[in-house]
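Participant: I'll drop the sequence and a predicted model, then ask my questions.
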Amino acid sequence: MKHLTFFLPVLFATSLLPSHAQDGEQLYGLYCSACHGADGKGGGNGTLPPLAGSDWIHGNAKRTIAIVLKGLHGPVQVAGKSYNLEMPPQEDSLTEQNITAILNYVHKAWGNKGQDVKIDMVRVTKSEYADRKKPWTADEILKIFPLEKKATFLNNLTSQVYKGNWDKLPDFSKSKAENIEEEHSGIIDIKLAELKENYAIVWQGDFMAPKTAEYEFVIFVDDAGRLIFDKKTVAEVNGIGPAAEGRAGRGKVKLKSGPNPIRLEYMQQAGEQSFTIGWRQVGTKNWTWISADRPPGKQGPDPIMLIPSAGKTVIYRNFIKGVSARAIGFGFPGKVNLAYSADHLAPELIWSGDFIDASKHWVNRGQGSQSPASKDVHQLTTQKIYPPSAKFKGYTLDPKGNPTFHIQSESFTITDAWKPGADNTLIRTMTMTRGSTPIEIDLSKSKTVTPQNSVTLKPNSPTEIIYKLK
Ligand code: HEC
């Protein structure tokens, strides 16, 4: 495993630690502050992620325990910023006591409100993942310990599963629930019960109304469902049948701003199963769906267009069609967009017009990859443009959200900065900040983009390239 080499001297110095040192703050200073900053705001002038105000600190403490034990690598978002670095595992250099002390410090320092950590939690986490050798990726660890969602419309949600064969919604007061579970996702998702037939679920929680107003609800259900506010049924579909427009349940209800106790009932007999719930304020047009399922008869979810707002570049960190797996999308104001490949260290696609419709990943479970939301797509490169030893070292963003990619090999370091230009152009500035041998870089293989030639980078002389779409 490759560590960030410039931190190694610090890690080495930790062997001088007197063995009786137990103080969390002191241990933090020795084991974490080189990378995360003594003030928790992220080392390397903010090129490394913060622990102060990080949402990774909150919720289940086993998440941070697991990260300290095994490390973390690859793309990650912390406090609204993206990183793509590597934290080395710490389990060989820290005792269970030390991890407990450090995390009890980190979880409460700098205004953080993380959980208390007990040494048993460290012990259990350590044995649970004893076989794991590789650092986590953010995706992997968030599947096990999801971050607490902030802006959901369903809070304090619990679900109870009932088993039985019914042809309409049962009388739940006469049935016995199998189990009760907390649902932290803030959405109604029947698939979490992992059942196929002859069951019913009741969810209870708070619907967080954005303001005091009259609201309209709609449910589509296969087979039966009911939405209740304060003991009053607002929408109902009963009996056996498919989710269909003609079988929708609709109703209106006045709600006060903030939490309103909500109850949802669902019954499935056999065959297809789904439960879709949406709401809107009376007089507004768009539905907000608070379920994993979506209304029947539509081609996929409503689009969520990612649009650069307030002159700032937006980032899309997920699979993009036609691009290598580790590609990052940038939607620049001015409507020229870029997909940059961290595998090939090169721009792969440039397209004009709309950036990306992110609904597939944000609304559903993130299957498949997303196409650019435009037909004017130009392929620049499809393979690595540097010698094999060159590596992607992450990217930094300027205050406008424009990226600079960092590329490094044994013999050179190159920064590759992108920003929008006038009239459908992108301005790329490449600088060899370390190294002595000039290096030739292919710019584009596309006939529909200028320039098409290559450039030669010389040490410490920034080269500006202006890409124009034909
Ligand atoms: C060699 C540098 C280094 C050291 C030492 C280090 N970290 Fe990290 N840490 C990182 C990097 C880099 C990331 C982000 C990894 C990525 O990009 O996937 C990270 C991520 C994290 C995260 C999740 C993201 C966040 O910022 O909240 C936590 C929590 C964390 N580290 C805690 C710690 C603690 C506690 C220690 C000390 C025991 C520690 N780290 C030591 C480099 C380090």
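Facilitator: Happy to help now that I have it. Numbering: from 1, shown residues only.
Participant: from here on, just use CA atoms for contacts and neighbour counts.
Facilitator: OK.
Participant: show me the domain layout of this structure.
Facilitator: 5-144, 154-289, 306-469 (automatic domain parsing).
Participant: most proximal residue of the stretch 301-450 of the chain with respect to the ligand?
Facilitator: Per C-alpha to the nearest ligand atom, residue 394 is where the stretch 301-450 of the chain lies closest to the ligand, at 8.4 Å.
Participant: tell me how many other residues surround the residue lying closest to residue 372 once chain neighbours are set aside.
Facilitator: In this structure, residue 372 finds its nearest non-sequential neighbour in residue 356, 5.1 Å apart by C-alpha to C-alpha, 6 or more residues apart in numbering. With neighbours defined by other C-alpha atoms under 10 Å, the count for residue 356 comes to 24.
Participant: pLDDT wise, what is the nearest residue to residue 101 once chain neighbours are set aside at?
Facilitator: Leaving aside its sequence neighbours, residue 101 sits nearest to residue 24 (C-alpha to C-alpha, 6+ apart; 4.4 Å). You'll see residue 24 listed with a pLDDT of 93.
Participant: so residue 24 sits right up against residue 103, yeah?
Facilitator: Yes - with contact defined as C-alpha atoms under 8 Å, residue 24 reaches residue 103; the gap is 7.4 Å.
Participant: which one's more surrounded, the two?
Facilitator: residue 103 (25 against 19).
Participant: for my notes, confirm the more buried one occurs in a helix.
Facilitator: Yes - using DSSP: H, G, I helix; E, B strand; the rest coil, the assignment for residue 103 is a helix.
Participant: ok so, going back, what pairs with the residue nearest to residue 372 across the strands?
Facilitator: residue 306, residue 372 (DSSP bridges).
Participant: okay, it: pLDDT?
Facilitator: At residue 356, pLDDT is 74.
Participant: so it versus residue 83, what's the distance?
Facilitator: Computed as C-alpha to C-alpha, to the nearest Å, the residue 356 to residue 83 distance reads 21 Å.
Participant: just confirm residue 99 is within a helix.
Facilitator: Yes - counting by three-state DSSP, residue 99 is located in a helix.
Participant: wait, isn't residue 383 in contact with residue 341?
Facilitator: No - applying C-alpha under 8 Å as the test, residue 383 and residue 341 come out as separate, 9.2 Å apart.
Participant: neighbour count winner among the two?
Facilitator: Using other C-alpha under 10 Å as the criterion, residue 383 and residue 341 rank with residue 341 on top: 23 against 14.
Participant: need the pLDDT of the nearest residue to the more buried one once chain neighbours are set aside.
Facilitator: Counting by C-alpha to C-alpha, 6+ apart, residue 341 lies nearest to residue 327, which is 4.2 Å off, once chain neighbours are set aside. You'll see residue 327 listed with a pLDDT of 76.
Participant: tally of neighbours for residue 327?
Facilitator: 26.
Participant: need the phi and psi values for the residue nearest to the spatial centre of the chain.
Facilitator: Centre of the chain computed as the mean C-alpha position; nearest residue by C-alpha atoms, centre = their mean is residue 77, 6.8 Å away. Backbone torsions for residue 77, taken as degrees, to the nearest 10, come to phi -110, psi 130.
Participant: residues in contact with the residue nearest to it when sequence neighbours are not counted?
Facilitator: Spatial nearest neighbour of residue 77, excluding adjacent residues (C-alpha to C-alpha, 6+ apart): residue 83 at 6.2 Å. Going by C-alpha atoms under 8 Å, 6 or more residues apart in numbering, residue 83 touches 47, 48, 49, 74, 75, 76, 77, 394, 395, 396.
Participant: thought the last one was touching residue 404?
Facilitator: Which is residue 396. Yes - the pair residue 396 / residue 404 is scored as a contact, 5.3 Å apart, by C-alpha under 8 Å.
Participant: mind putting the domains of the chain in JSON lines, distance to residue 295 included?
Facilitator: Shown next, in JSON lines, are the domains of the chain (distance: least, C-alpha to C-alpha, whole Å):
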{"stretch": "domain 5-144", "distance to residue 295": "26"}
{"stretch": "domain 154-289", "distance to residue 295": "6"}
{"stretch": "domain 306-469", "distance to residue 295": "13"}
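Participant: which strands and helices sit next to the one helix or strand residue 204 maps to?
Facilitator: Assigned by DSSP states H and E, residue 204 belongs to strand 199-209. If you count contacts as 3 or more C-alpha pairs under 8 Å, 6 or more residues apart in numbering; DSSP states H and E, strand 199-209 packs onto strand 154-163, strand 258-268.
Participant: walk me through which strands the longest one pairs with, and which way each runs.
Facilitator: Its sheet considered, strand 258-268 pairs with strand 199-209 (antiparallel), strand 224-229 (antiparallel) by DSSP bridges.
Participant: helix or strand right after the last one?
Facilitator: Once the chain leaves strand 224-229, the next helix or strand it forms, by DSSP H and E, is strand 232-237.
Participant: that following strand relative to strand 224-229, how many degrees between them?
Facilitator: Here strand 232-237 points in a direction 160 degrees away from that of strand 224-229 (axes from the mean of the first three to the mean of the last three C-alpha atoms, to 10 degrees).
Participant: which strands or helices does strand 232-237 pack on?
Facilitator: strand 213-222, strand 224-229, strand 249-255.
Participant: nearest to residue 388, of those strands?
Facilitator: strand 213-222 (53.6 Å; C-alpha to C-alpha).
Participant: give me the mean pLDDT for the closest one.
Facilitator: Rounded mean pLDDT across strand 213-222 is 96.
Participant: what does that strand contact?
Facilitator: Identification of contacts with strand 213-222 by C-alpha under 8 Å, 6+ apart yields 225-227, 234-237, 240-245, 247-257, 267-268, 272-282, 295-296.
Participant: may I see the PyMOL selection of the buried members of these?
Facilitator: Paste this into PyMOL to select the buried members of these, with burial taken from 16 or more other C-alpha atoms under 10 Å:
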select buried, resi 225+226+227+234+235+236+237+240+241+242+243+247+248+249+250+252+253+255+267+268+273+274+275+276+277+278+279+280+281+295+296
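Participant: all helices of the stretch 251-400 of the chain, in order?
Facilitator: Assigned by DSSP state H, counting those that start in this stretch, the helices in the stretch 251-400 of the chain fall at 359-362.
Participant: just for it, where's the confidence low?
Facilitator: 297-310, 317-322, 324-325, 357-371 (pLDDT under 70).
Participant: again, only using 90
Facilitator: 270-272, 284-289, 291-346, 348-400 (pLDDT under 90).
Participant: any chance of JSON lines for the strands paired with strand 258-268, columns distance to residue 154?
Facilitator: Output for the strands paired with strand 258-268, formatted as JSON lines (distance: least, C-alpha to C-alpha, whole Å):
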{"stretch": "strand 199-209", "distance to residue 154": "5"}
{"stretch": "strand 224-229", "distance to residue 154": "13"}
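Participant: of those strands, flag the one that's most buried.
Facilitator: strand 224-229 (a mean of 23; mean count of other C-alpha atoms under 10 Å).
Participant: what lies in contact with it?
Facilitator: For strand 224-229, contacts defined as C-alpha under 8 Å, 6+ apart pick out 168-169, 219, 233-241, 260-268, 275.
Participant: centre of the chain to that strand, how far?
Facilitator: In this view, strand 224-229 has its centroid 31 Å away from the chain centroid, taken as C-alpha atoms, centre = their mean, to the nearest Å.
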